[in-house]
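In: Whatever this is, show me its structure:
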Amino acid sequence: MKEKIAYVTLVISALLSCYFAHQNMMWQAIFFRVISLFSVAYVFYLYKKFRSILFYIALGFALVGESYVILGMKKYPLEVMVFFFIYYWLLFFVIKSNVREVNLWRQKKVLIPALISIAFIIYLFVVSYNMVKESYQDKAFLIYVSTFTFLFLIAYMGLVYINKMSLRNFWLVPAIVALVFIRFVFPMEAYYYNSPYFKCLGFLMQVARHFFILKYLISTEKEVVIGEKESYL
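Out: Purely as a prediction, here's the structure:
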């Protein structure tokens, strides 16, 4: 029951955050973003207590980064990049601590589709880099560092899923989609479209990303065991 209430709170607070952002009431939007992330942290606490402190710390850095996005990515480009850079590394270590081993060579048949996907993602980041580089001026090289970290994270998440296509690992797939969408859509909104609807869509995807990662962390492999056989997607 507590978990269901937390999920309902997550959805309602996310929608309210979008509403206030649309009304240019930024601090109210940040307040409800805090509530939404507290809901995520609470559900994680119900399952894991304090066995993974890094996840709580990662949510903290994500909260500050998302708050800067709400206030205006174009106004605070460096702050957004720094906080999400730290968040990506923390998230990597959180996921890594929940994986026993990863062996890429078990799934050779997916290498070509994976490489094509990575090439497409890199293309998107080249486009987004050209959008925002003027705001960073002499610090534009830091975008490459952040982008490499991001690509490393999503590549590792994809590798974890490919290594074992269980129901638990499947949650990493929509998390990757949400991460890529957010990474690309916010520069477009900030530097080209300046649309509150586009920004709200990005905010909702941020909440969805936290939800998908949460489901991965609290799910167990027992969910896909049928008799003595494992059922994969």
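
In: how about the helices in the chain?
Out: For the chain, the helices defined by DSSP state H cover 2-22, 26-48, 53-72, 77-96, 111-136, 141-163, 167-170, 172-188, 196-218.

In: How far away from the center of its chain is the second one?
Out: Averaging C-alpha coordinates over helix 26-48 and over its chain gives two centres that are 15 Å apart (C-alpha atoms, centre = their mean, to the nearest Å).

In: Would you single out the least confident of the helices of the chain?
Out: Among the helices of the chain, helix 111-136 has the lowest mean pLDDT, at a mean of 66.

In: re earlier: got a markdown table for the helices of the chain, with mean neighbour count too?
Out: Just so you know, the C-beta spots here come from the backbone N, C-alpha and C atoms, and that holds for glycine as well. Shown next, in a markdown table, are these (neighbours: other C-beta atoms under 10 Å):
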| stretch | mean neighbour count |
| --- | --- |
| helix 2-22 | 17 |
| helix 26-48 | 18 |
| helix 53-72 | 19 |
| helix 77-96 | 19 |
| helix 111-136 | 14 |
| helix 141-163 | 17 |
| helix 167-170 | 20 |
| helix 172-188 | 19 |
| helix 196-218 | 20 |
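
In: outside of stretch 82-91, which residues touch it?
Out: Applying C-beta atoms under 8 Å, 6 or more residues apart in numbering, the external contacts of stretch 82-91 come out as 54-55, 57-58, 61-62, 64-65, 68, 145-146, 149-150, 152-153, 213.

In: what's the closest non-adjacent residue to Y56?
Out: Leaving out its chain neighbours, the residue that sits closest to Y56 by C-beta to C-beta, 6 or more residues apart in numbering is A41, at 5.9 Å.

In: surely that neighbour meets L59?
Out: Yes - counting by C-beta atoms under 8 Å, L59 is a contact partner of A41 at 5.6 Å.

In: any idea how far stretch 150-168 is from the chain center?
Out: In terms of C-alpha atoms, centre = their mean, the centre of stretch 150-168 is set 13 Å apart from its chain centre.

In: With stretch 82-98 instead?
Out: The answer for stretch 82-98 is 10 Å, by C-alpha atoms, centre = their mean.

In: Please apply the same query to stretch 173-191.
Out: Distance of stretch 173-191 from the chain centroid (C-alpha atoms, centre = their mean) equals 9 Å.

In: Many thanks, I have nothing further to ask.
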